[in-house]
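Student: need a 3D model of the sequence below.
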Amino acid sequence: MADPGMHKLVQSLARFSEILSEEELQQIRAIQDAPLSTGIRLNSLKAHPATSIHALAERYGWEIKPVAFCDNAWLIESASTSPGMTIEHRLGGYYLQDASSMVPVSLLDFEAQRPLILDMAASPGGKTTHLVDRTQDMGFIIANDASQRRIPALRSVIANWGAINQVVTHFPGESFGRWFPETFDSILLDAPCSMENLRPTPSHPLRETTDSERLRLQEMQIRLLISGLSALKIGGQLVYATCSLAPEENEAVIDQVLKLYPDALIIEDLSSKLPFHAPGLSTYADQIFHPALQNTLRLWPHLTGMSGFFCARLRKTGVIPITPQAPPTRDFSRTQFEATPLNLQSAICEQIWDAYGFDLGEILARYHLELFKRHEGIFLIPQVYLERFQTLPFEWIGMQIGQWIAGNFHPSLEFASRFGHLFIRGKAQLDDSQLSQWIDQRDIRNPKIDLPPQGQYLLVEDKSGRNLGVGKLLSKRLRNLLPRS
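Tutor: A predicted model of the protein is given here:
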């Protein structure tokens, strides 16, 4: 029986025979059975020497090499322990991501100190966490996805990463230009596409596509791009990206928008951004594209060693005529979030300082956050949302740092995971014999901790200072509060 994957590849490659030479087509065929190296991007918000790439590589037997165009990113070329099976991965210490997917966010230049960012099609959230890292959580990100079924994964990834200055929304991306014209400093449009990438990955396997499917996608991609450009401030940057090499979804989309609004955008030259030459197309079939399309990036797998990808960085230079429309609204009081009274805020900050030597007030000031309460939960809410988007409905916002129960603060795992490396007390150190037991989500019996057990919540570490989550110190045991796998 013929290999169905090879049949799909042959079908796809036939469409590119007028773009690539026979030698290049053969090179693409030759690499199909070679597995892609696992890409890993470290979480710089949780930086600690114990979770540096070199410590991880030594601990888990990884052979690594840096990703040349992306900070804090490496390729794992071999591994004794799978990078998807570590506690650092479970606690958001790093994100596993194909190297080509790291390109779009790497292309943005964040010129504002606290940029306002729109991620138009954000799920599953990898690129959103990259945006958080690039801005050190100092900007404000609206992470939107049009698919309701993809929202839980997006929420989970963002929460696990420890992002605070963000809100997750569920709206058609085509609406943002009308709702928020000339609002955002930077926009990422990782557009829905056919995934015709010519190099299969577990998340993007080879699949058959049709002309009608690509043209339907093209129409949606044009609407999304016009919306994104409309929502972008004049002078701002928008990165348009797809995990498809189909010209109909890439150069043809941007060329059409450029024809509609020739004075409103320029395509910026990206040739110095990557260590390989991969210009966009000037022609395809019977189409002749604007010469500036050669400033885009066409990441052919045989040239880059990665899966196929397309990227363009657009700068807005003029107004895009659009009829503004009021966005959907929800009275903020309906969210049941309530600003914490000053006496409660002081009590929470004082307990966190006493327990961990951690200054929550300094975090509120540095990241421009407000402390809110919903039922027993205590939340950090971005000031930008409250000042500029307070009536915009959301699926999730900020970070729940813990609970306030009977006058006591109970920290959340997200809070301890994000800020635990800054704690100076309130820590329990496990010895080597207890590590596997803890990582397997079991309690530690008769822990050797020089503290009277009072049901207090402790940051759990190993001898190197590696953050292992939160435990509750009870009589004769340290209760394991890691989330169940």
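Student: ok, now how distant is Asp432 from Asp443?
Tutor: According to C-beta to C-beta, to the nearest Å, Asp432 stands 18 Å off from Asp443. The way it works is simple: take the backbone N, C-alpha and C, and place the C-beta from them, glycine included.
Student: these two - which one has more neighbours?
Tutor: Asp443 (16 against 8; other C-beta atoms under 10 Å).
Student: and the more buried one, what is it in contact with?
Tutor: Contacts here follow C-beta atoms under 8 Å, 6 or more residues apart in numbering; on that basis Asp443 touches Arg477, Leu478, Arg479, Asn480.
Student: got the domain ranges for the chain?
Tutor: 4-99, 103-316, 328-410, 426-485 (automatic domain parsing).
Student: Ile322 is nearest to which of the ones you listed?
Tutor: With C-beta to C-beta as the criterion, Ile322 lies closest to domain 103-316 of the domains of the chain, at 4.8 Å.
Student: just the endpoints, please. Distance across the closest one?
Tutor: By C-alpha to C-alpha, to the nearest Å, the extent of domain 103-316 from end to end equals 20 Å.
Student: what's the answer for stretch 316-328, then?
Tutor: 26 Å.
Student: of the domains of the chain, which is nearest Arg418?
Tutor: Ranking the domains of the chain by proximity to Arg418 (C-beta to C-beta) places domain 103-316 first, at 3.4 Å.
Student: mind checking how far that closest one is from the chain centre?
Tutor: In terms of C-alpha atoms, centre = their mean, to the nearest Å, the centre of domain 103-316 is set 13 Å apart from its chain centre.
Student: can you check stretch 341-353 too?
Tutor: With C-alpha atoms, centre = their mean, you get 32 Å for stretch 341-353.
Student: all numbers from here: first residue = 51
Tutor: Sounds good: first residue 51 from here, last item stretch 391-403.
Student: what's it in contact with?
Tutor: 390, 408-411, 421, 423, 428, 454, 457-459, 461.
Student: ok, which pair from those residues is furthest apart?
Tutor: Using C-beta to C-beta, the contacts of stretch 391-403 span at most 20.9 Å, a distance reached by Asp409 and Gly457.
Student: so between these two, which is more surrounded?
Tutor: Asp409 (14 against 8).
Student: and that one, what does it touch?
Tutor: If you count contacts by C-beta under 8 Å, 6+ apart, Asp409 has them with Cys399, Trp403.
Student: for the chain, what's the longest helix?
Tutor: helix 261-281 (DSSP state H).
Student: so for that helix, what gets flagged as buried?
Tutor: 263-264, 267-268, 270-281 (16 or more other C-beta atoms under 10 Å).
Student: what about Leu528, which SS state?
Tutor: strand (DSSP: H, G, I helix; E, B strand; the rest coil).
Student: so who does it touch?
Tutor: Ala478, Asp493, Ile494, Pro497, Ile499, Leu508, Val510, Gly521, Lys522.
Student: drop anything exposed from the contacts of stretch 391-403.
Tutor: Listed as buried from those are Thr390, Phe408, Leu410, Gly411, Leu421, Lys423, Ile428, Trp454, Phe459, Pro461; burial here means 16+ other C-beta under 10 Å.
Student: possible to save these as CSV with secondary structure, distance to His139 and pLDDT?
Tutor: Rendered in CSV, the data for these read as follows (DSSP: H, G, I helix; E, B strand; the rest coil; distance: C-beta to C-beta, whole Å; pLDDT from 0 to 100):
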residue, secondary structure, distance to His139, pLDDT
Thr390, coil, 33, 97
Phe408, coil, 25, 98
Leu410, helix, 27, 98
Gly411, helix, 32, 98
Leu421, strand, 30, 98
Lys423, strand, 32, 98
Ile428, strand, 27, 98
Trp454, strand, 31, 98
Phe459, strand, 28, 98
Pro461, strand, 21, 98
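Student: picking up where we left off before, pull up the pairing partners for the following helix or strand past the longest helix of the chain, direction included.
Tutor: As assigned by DSSP states H and E, the chain's next helix or strand after helix 261-281 is strand 282-292. Strand pairing for strand 282-292, determined by DSSP bridges: strand 234-240 (parallel), strand 359-366 (antiparallel).
Student: out of the contacts of Asp493, the closest to Ala203 would be?
Tutor: For those, the nearest to Ala203 is Asn530 (25.1 Å; C-beta to C-beta).
Student: show me what that closest one bridges to in the sheet.
Tutor: Beta-bridge partners, per DSSP bridges, of Asn530: Gly521.
Student: and the contacts of stretch 478-487?
Tutor: 488, 494, 497-499, 501, 508-513, 518, 521, 523, 528.
Student: same thing but 10 Å
Tutor: 137, 488-489, 492-495, 497-501, 506-516, 518, 520-521, 523, 528, 530 (C-beta atoms under 10 Å, 6 or more residues apart in numbering).
Student: what about the protein, any weak spots by pLDDT?
Tutor: 51-58, 252-254, 535 (pLDDT under 70).
Student: cutoff 80 now
Tutor: 51-62, 250-258, 535 (pLDDT under 80).
Student: which of the buried residues of helix 261-281 sits closest to Thr101?
Tutor: Gly278 (34.8 Å).
Student: right, and the closest one touches Pro231 too?
Tutor: No. With contact defined as C-beta atoms under 10 Å, Gly278 does not count as touching Pro231 (11.3 Å).
Student: show me the contacts for Gly407.
Tutor: Per C-beta under 10 Å, 6+ apart, neighbours of Gly407: Leu472, Phe473, Ile474, Arg475, Gly476, Lys477.
Student: gap between it and Trp454?
Tutor: Gly407 sits 20 Å away from Trp454, going by C-beta to C-beta.
Student: now Phe230
Tutor: Counting by C-beta to C-beta, the gap from Phe230 to Trp454 is 34 Å.
Student: wasn't Ala342 part of a strand?
Tutor: No. Ala342 is assigned helix when assessed by three-state DSSP, not a strand.
Student: and it, what does it touch?
Tutor: Contacts for Ala342 (C-beta under 10 Å, 6+ apart) come out as Ile304, Asp305, Leu308, Leu315, Ile316, Ile317, Glu318, Asp319, Gly330, Ser332, Ala362, Leu364.
Student: and for Ala466?
Tutor: 141, 212, 406, 408, 451-452, 473, 476-477, 507-510, 517-521, 531.
Student: need the next SSE after whichever strand or helix holds it, C-terminal direction.
Tutor: Using DSSP H and E, Ala466 falls within helix 463-469. Following helix 463-469 in sequence order, the next helix or strand is strand 477-479 (DSSP H and E).
Student: distance from the chain centre to the next helix or strand after that following strand, please.
Tutor: Next helix or strand after strand 477-479 toward the C-terminus (DSSP H and E): helix 482-489. Here the centre of helix 482-489 is set off from its chain's centre by 30 Å, with C-alpha atoms, centre = their mean.
Student: what lies in contact with the helix or strand following helix 482-489?
Tutor: Next in sequence after helix 482-489, counting helices and strands by DSSP H and E, comes strand 494-495. Strand 494-495 is contacted from outside by 478, 480-481, 484, 487-488, 510, 521, 523, 526-530, using C-beta under 10 Å, 6+ apart.
Student: so what's Glu246 up against?
Tutor: 58, 61-62, 65-66, 254, 256-259, 263-264, 292-296, 298-299, 358.
Student: how does it look with 7 Å?
Tutor: Taking C-beta atoms under 7 Å, 6 or more residues apart in numbering, we find Glu246 in contact with Ser62, Thr259, Ser294, Leu295, Ala296.
Student: host element of the second one?
Tutor: This means Thr259. Using DSSP H and E, Thr259 sits within no helix or strand.
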